[in-house]
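Output the structure for:
(chains A and B)
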Amino acid sequence: MPSTIQVEIKRQATPNGPCTTETFEVPYRPGMNITSLLGEIALNPVDVAGKPTSPVTYDSNCLEEICGSCAMLINGKARMACSALVDKLQAERPGQPITLAPLSKFPVVRDLAVDRSVLFENLKKVKAWVPIDGTYDLGAGPKQAPQIQEQRYPLSNCISCCCCMEVCPQFNDVTNFVGAAPIAQAKLFNMDPSGAVLKEERLRALAGDGGIQECGFAQNCVQACPKELPLTEAISDMGRDVFIQQVKDFFTS
Amino acid sequence: MAATPRIIVVGGGLAGLSSVIKIAEAGGKVDLFSIVPVKRSHSVCAQGGINAAKNLKGEGDDVLKHFDDTVYGGDFLANQTPVKNMTAQGPAIIDLLDRMGVPFNRTPEGLLDFRRFGGTLYHRTAFAGATTGQQLLYALDEQVRRFESEGKVTKYEGWEFLSAVLDSNGVCRGICAMDLRTMETRTFPADAIIICTGGNGAIFGKSTNSVVCTGSAQSALYQQGAYYANGEFIQVHPTAIPGEDKLRLMSESARGEGGRVWVPKDKNDKRAAQSIPEGDRWYFLEEWYPKYGNLVPRDVATRAIFKVVYEYGMGIDGQPMVYLDVSHLPPERQHKLEGILEIYEKFVGDDPRKVPMKIFPGMHYTMGGLWVDFNQQTNIPGVFAAGEADYSIHGANRLGANSLLSCIYGGFVAGPQAMAYAKSLPAQPGDGGHAAELMRQNEFNNLLLSNQGNENPFRIWRELGETMTKHATIIRYNAGLDEADAKIVELLHRYRSVNLSDRSQWANTSFAFTRQLYNMLQLARTIVQGARLRDESRGAHYKPDFPERNDERFLKTTKAAYDANNDAPRIEWEEVDIQHIKPRPRRYDATA
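Numbering: from 1, shown residues only, chains lettered A, B, ... in the order given. Here you go, the predicted structure:
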């Protein structure tokens, strides 16, 4: 291993400002990940030519791939910076610098930080919650077979990183596709014994423009998901349910 | 007072979201402030589970046993009344979470499953795989999103709390906060505020905490006159993966499901772990603590590992590491730990299903926090606190899986109490102190932005973390604590020469960090000085020079008040509520 790592970072000071690329050389340590590399730059914000610059702005929090903050394009691929280990990245492209860029489908806030609030808005659209009566003590919840829990739990592991939306060819301004993550959440709550009371509303929210029909079955989402959610399965299950709901609505309206 | 109380909640983890839900449900208006989108709060990192004495395993567990385990586990330093209330509400809180759709693991009959955790002999921990905090946070986040869509909650995500707005009588009338994108600083009015800003791991440099856990909000309030209590009680978790940027938690649930901690009996044993036969392994926790085995409380396990590594020199390959082994567990048990086993595999590269994990203790949690009364109110009228940010419940050591419960309990008390307080609040004098507070914060900002020095804030932070980890974690000596305090004073002095390499006014994260750093330095002194004065050993606070608990002198809450004239903490003591359970010696090595 070389004693230093070269990293090229796409930078943008403001949402509408020009982009530049800065190259840094950072001392290598075994076990380094991209967030520790960005921390090194903050300690000594000087580029490879010795020009002083500013620390790089990026989102991060838990650093253990559970909060979903630090998604970015690393060597061109959407993934989490905390779990992207430098050794593995160097093996991907030996002898070349590591490249970092912001996710491309979301408005840049600054440098590697982007605005992903669209996902949280989409979660409102699909009513991704159980409409409980209240928080007072109403006794135990409904019994649930372990098999159901086994199906719900993986969907509930979605960390809202938006990698699935970034890699989706249909997720763009033309289709307004809601993306795989909210569809998977709709399925999660439709499977819940109490959450199912909003099932029809969720299915209707996923019908029509920007809904589930926009999915082009590229299957990029399931490959990009860092938490390995069964996204394509969720989309196909929900697609079927949406269709049945539309037929029902057609004959009852 | 206004017909509809307006409450500000700061922090969107479990405690904050719990209080928001209670307020919205009771018809109050809530403004929820969080540095990160609330779904990304640090509660998401909790792994193993949440305790409640549901007694679904036929063991005869009950809420009073949970109460006793918690008080005993905390070495009798916690005020007992809130602990009693919390443990009594535990079963109802679990039921509620279940109704919210948390995918708790189930028994074959479809009931909630429970696992064992440290410091108890009962199966008392409900869990969702090994990502329980994530699942609980999401459930509450979803309920808050529902209230948000109904217009009952307004979220201010990407805003950082800077200070409370206090009127001329010292009563809280709102907060001052900074937009982390536009860097705009402004004040927001409120009848009461609830501080749910979590832990302070960043003070120790590397910890299991998330980046936002700086303790900055607690420290700002301490500097405004709030008591900071029991700061010296810092939990070092026995099993973390040492890392370059942080220490990653390996949940106690690994041991709850049957994981075992060991080192080779021969310190020169060079064999691969899995090829070392049973007879050549030293399961030191099981040997020293036959009754609790690997599930002794965290402070006990941490000191044992420390002893094995540093006193006996028996760390793996002479390194500060021991084995945490789940490779012998059947696949269905390993499956329940999937979330944490994946973390190990991703960050270390070895498969813990086949190879024992290498772990070492790491700073994890603060039992100390803002002083609150039994209604979760601090000594500043109108400022409430809940969750890890407050000091109640856990005493000198927190039991595993009690933190999620204490967060939700604290939020459930603080929310309604803040509402009740707000309803009887008289009108504010003048502007309630808003203009003056805004000016104070803007002056600080301008000072920082125009400062011409040569100190890098990240360098100061690194030195703070190193000194705190060295002197104020597992083993404490008075000489070392004095050294640490002097070092922090030096760092505070150097802070005055801090130079921001980025002076821009858009999404300037290093500027926000530098503001937090000042508060970290101030709060660090309460930790160090509280530890310095407590000449005894109790729970997580261990001084080899004073190895015994001393109830006569120190069965007392440490209360640090900020002395502005000396720019230093002033320590006071308060009696502990021990009306329910008489303090007794805490001995996990007993076999009876």
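
my guess is B:Leu491 contacts B:Arg459, does it?
No: using CB atoms under 8 Å, B:Leu491 is not in contact with B:Arg459; the gap is 9.7 Å. Backbone N, C-alpha and C define where each C-beta goes, glycine included.

The two: which is more packed in?
Legend: neighbour count by other CB atoms under 10 Å in any protein chain shown for B:Leu491 and B:Arg459, higher for B:Leu491 (20 against 15).

A:Cys161 and A:Met80 touch, don't they?
Yes: at 6.4 Å, A:Cys161 and A:Met80 qualify as touching, with contact defined as CB under 8 Å.

Give me the common contacts of these two.
When contacts are counted by CB atoms under 8 Å, 6 or more residues apart in numbering or on different chains, A:Cys161 and A:Met80 are jointly contacted by A:68, A:71, A:226.

partners of the second one in the sheet?
Partner residues in beta bridges with A:Ala71, using DSSP bridges, are A:Met80.

Per-residue pLDDT of it, please?
On pLDDT, A:Ala71 comes in at 98.

quick one: contacts for it?
Taking CB under 8 Å, 6+ apart, one finds A:78-81, A:103, A:116, A:161-163, A:166 in contact with A:Ala71.

from these, which would you call buried?
A:78-81, A:103, A:116, A:161-163, A:166 (16 or more other CB atoms under 10 Å in any protein chain shown).

Need those residues in a markdown table (columns: pLDDT).
Output for the buried ones among the contacts of A:Ala71, formatted as a markdown table (pLDDT from 0 to 100):
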| residue | pLDDT |
| --- | --- |
| A:Ala78 | 98 |
| A:Arg79 | 98 |
| A:Met80 | 98 |
| A:Ala81 | 98 |
| A:Leu103 | 98 |
| A:Arg116 | 98 |
| A:Cys161 | 98 |
| A:Cys162 | 98 |
| A:Cys163 | 98 |
| A:Glu166 | 98 |
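
Between those, which sits nearest chain B?
Closest approach between the buried ones among the contacts of A:Ala71 and chain B, by CB to the nearest CB: A:Arg116, at 8.0 Å.

got the buried residues for stretch B:258-273?
Quick answer for stretch B:258-273 (16+ other CB under 10 Å): B:258-264, B:269, B:273.

ah, wrong one, I meant stretch A:136-144
A:140-141, A:144.

and stretch B:506-523, how far from the chain's centre?
Centre-to-centre, stretch B:506-523 and its host chain are 20 Å apart (CA atoms, centre = their mean, to the nearest Å).

Equivalent analysis for stretch B:336-345, please.
22 Å.

do that stretch and chain A meet at all?
Yes: contact of stretch B:336-345 with chain A (CB under 8 Å from any CB of the partner chain) involves B:339, B:343.

in the lengthiest helix in chain A, what counts as buried?
As assigned by DSSP state H, the longest helix anywhere in chain A is helix A:231-252. Within helix A:231-252, the residues scored as buried using 16+ other CB under 10 Å are A:231-232, A:234-235, A:237-239, A:241-242, A:245-246.

for that helix, packing partners?
For helix A:231-252, the elements it packs on are helix A:180-191, helix A:199-205, helix A:220-224, judged by 3 or more CB pairs under 8 Å, 6 or more residues apart in numbering or on different chains; DSSP states H and E.

List the neighbouring strands of whichever strand or helix holds B:Gly362 plus their orientation.
Following DSSP states H and E, one finds B:Gly362 within strand B:357-366. Here strand B:357-366 is paired, per DSSP bridges, with strand B:234-241 (antiparallel), strand B:322-325 (antiparallel).
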